[in-house]
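S.K.: mind looking at a prediction? Sequence and model below.
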Amino acid sequence: MSDSNYKISDNGMIDIHLGTIRLRDIYPGIDERPVLPLSFETREDEISYSTSCGTVSLRLRTDRVGTKASDKCRECLIISSAVECSDGFHDFEPLASAVVTGADHIYVQGFGMEGPSGYYRLDDTMRMSYGLIGLVCNESAAVIFTTDHSRYISSFSVFRMKGMYSERALLTAGIDLEGTAAGRIEMPDLYILTGKDLTDCLAGAAEIIADKMNARTGMPPAFHWCSWYYHYENLSQEILNSFMADLKEEPVDFRYIQIDAGYTAHIGDWLRFNHRYPGGLKAAAASIIDSGYAAGIWIAPFLIGDGSDTFTEHPDWVIRDPDGRPHVVFRSYTEPKIWGNTDNDYYILDMTHPGACKYIRDVFRAYRDWGFTLYKIDFILWGMVDTSAVIRDDNTVTSTEILRRTLSLIREETGDDSYLLASIAPFMPCLGYADGMRIASDMGAQWTEGAFGPANLLQELPYDNYFNNIFWQNDPDSIILRDFGSHLTEDETWSIALLQALSGGIITTSDPVCRLSADRRKLLDFIKPGSERVKAVFPLLTDETSEEILITHNLIDWNLLFILNPTDHPIRICHRMDELFGNEAFFQYRFDWNGGDVAASVKSEIFTDTLAPHSSVLLFLTEMPMTEKPSNLWCRNKC
């Protein structure tokens, strides 16, 4: 990319050439409308627009961008912008209604957990993307992104507008200031990275963003037990003691044992415990630590119930609507009552209030003093309320700034060695604080199309893979292993467990592992993560003709090929080894979880089969024939 790839026209519009893809007729915008300049001035690579409400300036340049994690530099077009507006404004668009030509597909990134993220045909559907967006054609790809997510949310919208005689695709890139702008504002830079392959461009963008935001990827692969997806709010000290005793008899190499919701009578009373924990969380943590495991705890620091002592004693600690009433984020009036609590309305703690900040600091300080080192911080997204729409103690800061100040406070109290797992959270604002991130909705013990089925997991896991182990370690959700209290078939259990494990994400389960059958215990040992983080490859990410999900890994002891049929009908599959791995032929060992200990390999250049609905196949690919059945995905010997 060179300076010839962009042009400032005589009318002040900007054209950008990205290989085959082009963005043209670009003006910046304020509050979702292109500026109508009274005049403009250009000098070299900068253009300044004078408008009725102030001045907008854009500067375009190309630069080679490197990262600390890689010696590879990537050439990017960088657009810097600044606004000085006397009337104030809510949001700014460096690119407002840019006409897109040459692209026929787009990649969109969801705001946070559950997305929706995906690869779509560029049509008349309005699609939103957050943090970055990809434009794709047969010959090339371009990813547009911001690297600074410390103050504002960056978003993109794209759709194809059809008129009576013509149609055109329009792209807008926006920065949400939530009405906090005053005086001259330097906006986050907009980067454009081009290449031949979308996957490579996404990975390159992720590396640059992670570098700028000091992403945390130094923690070992997570492997833990979480109480929620079996006991839900019913875990008690008595049940926990029994579970820890079982683990002493039949140990599992979990790093953390994490207590989930259910330890308080009201959400928000984080230091006042209910009848299930007569000794409080200090005793609960001790029972875990004394058994040789690290202790983890669930908490939703932004939430506060209307029946809590905290709200009763400090009603000024919550965000309020413009009419002065507490801002209700969630209601639970009927059965079943969420978390078993009696609260009806749930409010948002105002983390700009000094008293609320001190309270949350005291909570996390106490938890750390009691020995907790993993913190599942839930419902973060509900704290992301547009400042212009509510009343806070301080209405000069954005919801992103408040979130990051809160995470910084939590990190200060819990220590750099603690593991912060973000859940129901916006992705980009958590960079630099989160060690793990939930990416998909809750997976229950059944394969259904609706809630608690795998549909969202199957969608999000491949399309959020580009930042796994670059931003943090992705958390697909807890793995259902049990062969009791489950409607998953044997094939479905193995398919979902292998998919989640092979994604390279967090491995967690809530099942009472000492009650598992011998085969399901072997499955847990089989998917246990190794000592090093791994990066999955999804070769069919942009293939619209294939129905299967395919994952590959290149490992020291072997290569792995996993193919899953997520549909409700049989599908015929056929894949060449040279296209997937560069080698014409491997010895293929098809893993059989019901077979014996002997492995029989067949050398072939292709793999072909018909997969039944919800079933999968796992191949170990080696240069020499395998004779022994692997006991773990990641290495020949115990990892």
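M.R.: That came through fine.

S.K.: list the contacts for Asp15?
M.R.: Asp15 sits next to 6-7, 9, 22-26 when contact means C-beta atoms under 8 Å, 6 or more residues apart in numbering. Placement of C-beta: from N, CA and C, glycine included.

S.K.: mind checking pLDDT for it?
M.R.: Predicted confidence (pLDDT) for Asp15: 96.

S.K.: give me the neighbour count for Ser308.
M.R.: 23 (other C-beta atoms under 10 Å).

S.K.: re the thing from before, ok, so of the contacts of Asp15, who is nearest Cys53?
M.R.: Set against Cys53, the nearest of the contacts of Asp15 by C-beta to C-beta is Ile26 (19.6 Å).

S.K.: element containing the closest one?
M.R.: strand 21-30 (DSSP states H and E).

S.K.: so where do the helices sit in the stretch 51-200 of the chain?
M.R.: 198-212 (DSSP state H, counting those that start in this stretch).

S.K.: which neighbours does the lengthiest strand in the chain have in its sheet, and in what orientation?
M.R.: As assigned by DSSP state E, the longest strand anywhere in the chain is strand 70-85. Strands that pair with strand 70-85, judged by DSSP bridges, come out as strand 54-67 (antiparallel), strand 184-186 (antiparallel), strand 190-195 (antiparallel).

S.K.: tell me which of the ones you listed is the most buried.
M.R.: Among the strands paired with strand 70-85, strand 190-195 has the highest mean neighbour count (mean count of other C-beta atoms under 10 Å), at a mean of 23.

S.K.: who touches that one?
M.R.: Contacts for strand 190-195 (C-beta under 8 Å, 6+ apart): 1, 16, 18-19, 21, 65, 74-79, 81, 94-95, 140-147, 173, 201, 204-205, 208.

S.K.: what domains does the record give for the chain?
M.R.: Domain segmentation of the chain under automatic domain parsing yields 3-212, 549-622.

S.K.: chain center to the shortest one: distance?
M.R.: This means domain 549-622. With C-alpha atoms, centre = their mean, to the nearest Å as the basis, domain 549-622 stands 28 Å off its chain's centre.

S.K.: kindly check the end-to-end length of that domain for me.
M.R.: End-to-end distance for domain 549-622, by C-alpha to C-alpha, to the nearest Å: 22 Å.

S.K.: next one: stretch 97-111
M.R.: End to end - C-alpha to C-alpha - stretch 97-111 spans 21 Å.

S.K.: quick check: buried residues in that stretch?
M.R.: For stretch 97-111, burial by neighbour count (16 or more other C-beta atoms under 10 Å) applies to 97-100, 102-103, 105-111.

S.K.: out of those residues, list just those in strands.
M.R.: Short answer: these in strands (DSSP E) are 97-100, 105-108.

S.K.: columns distance to Ser155 on top of those residues, output as a markdown table?
M.R.: As requested, those are exported to a markdown table (distance: C-beta to C-beta, whole Å):
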| residue | distance to Ser155 |
| --- | --- |
| Ser97 | 14 |
| Ala98 | 14 |
| Val99 | 19 |
| Val100 | 16 |
| His105 | 19 |
| Ile106 | 14 |
| Tyr107 | 14 |
| Val108 | 10 |
